[in-house]
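Chemist: Predicted structure and sequence below. I'll ask about it afterward.
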Amino acid sequence: TKPLLKKIDAVITLNNEDSSFFKKYHNNVHMIPHWTRFKNISLCGIIKNPKMILFVGRIDESNKGFEHIYQLEEGKYEIHCVGVGTVRKRSDIIHHTSVSDDELLMLYQQSSLVVIPSRYEAFSYVALEALSCGTTIVVSDRVRIVDHITACKGYKIFEYKNYSDFRNKVASTIGTQVDVNNIVKKFDENIIKQKYKSLFISLAANN
């Protein structure tokens, strides 16, 4: 892609890692996050299950790190998994398939923790959706949404494939508070679209 970069006016990235890479080859790099697709979320009347953990993603896909789930002590939590794939039979795992957006939203709201143990995520919609619902998250050190939420409460990072670290972070994070107002402002659809619009207007003015 290096020869092509000379022909473009700007590069838009999702995380610090990508920004650092492209800044070596282009002098106009902008990091802009995704926005949340859940709007006007009401948390009133939602009672969180203090033992409920949620995983959302393809269960058979190695990139999603589902094997971390099996490292949690059986019976300690109520683990809900949403996604395609085969789940090993355990008394504490509930497997959901073909859920609607409304059903997924309810699972986010009822959970006390969402785990994203992925090998790599350039961003992570699951993390954003969980935080928007007031549910804290535990993510691997390869999930890059954390580049945007360093000043926000509601998450902890564990070392990928370090199962002891994963278990400890889950135990210390489940049920903790999320700075929902800060999250909603940071990932507001209108604000992020305005960033794109401002960039495109500035590029047009310079050409």
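Modeler: Perfect, thanks for sending it.
Chemist: Output the longest helix belonging to this protein.
Modeler: Longest helix in the chain, counting residues (DSSP state H): helix 189-205.
Chemist: Okay, buried residues for that one please.
Modeler: In terms of neighbour count (16 or more other C-beta atoms under 10 Å), helix 189-205 has its buried residues at 192, 199. Glycine gets a C-beta too; all of them are placed from N, C-alpha and C.
Chemist: any idea of the mean pLDDT for that helix?
Modeler: The average pLDDT within helix 189-205 is 95.
Chemist: what sits up against it?
Modeler: For helix 189-205, contacts defined as C-beta atoms under 8 Å, 6 or more residues apart in numbering pick out 9-10, 12, 30, 32-36, 39, 185.
Chemist: Please pick the buried ones from these.
Modeler: 33-36.
Chemist: pLDDT at the residue nearest the centre of the chain, what is it?
Modeler: The centroid of the chain falls nearest to A127 when counting by C-alpha atoms, centre = their mean (2.1 Å). With respect to pLDDT, A127 scores 97.
Chemist: Name the SS class of it, please.
Modeler: Following DSSP: H, G, I helix; E, B strand; the rest coil, the label given to A127 is helix.
Chemist: how near is the closest residue to H96 other than its chain neighbours to I191?
Modeler: Closest residue to H96 apart from its sequence neighbours, by C-beta to C-beta, 6 or more residues apart in numbering: V82 at 4.6 Å. As judged by C-beta to C-beta, to the nearest Å, V82 and I191 stand 29 Å apart.
Chemist: if I pick the nearest residue to the residue nearest to the centre of the chain once chain neighbours are set aside, what's in contact with it?
Modeler: Excluding the flanking residues, the one nearest A127 by C-beta to C-beta, 6+ apart is I145, at 4.7 Å. Contacts for I145 (C-beta under 8 Å, 6+ apart) come out as 15, 33, 121, 123-124, 127-128, 139.
Chemist: Tell me which of those fall in strands.
Modeler: V139 (DSSP state E).
Chemist: In TSV: the contacts of I145, plus distance to T97.
Modeler: Output for those, formatted as TSV (distance: C-beta to C-beta, whole Å):
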residue	distance to T97
N15	30
P33	29
E121	22
F123	24
S124	21
A127	21
L128	22
V139	24
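Chemist: I'd like to know which of the contacts of I145 are buried.
Modeler: By 16+ other C-beta under 10 Å, the contacts of I145 give 15, 33, 121, 123-124, 127-128, 139 as buried.
Chemist: Perfect, I'm done here.
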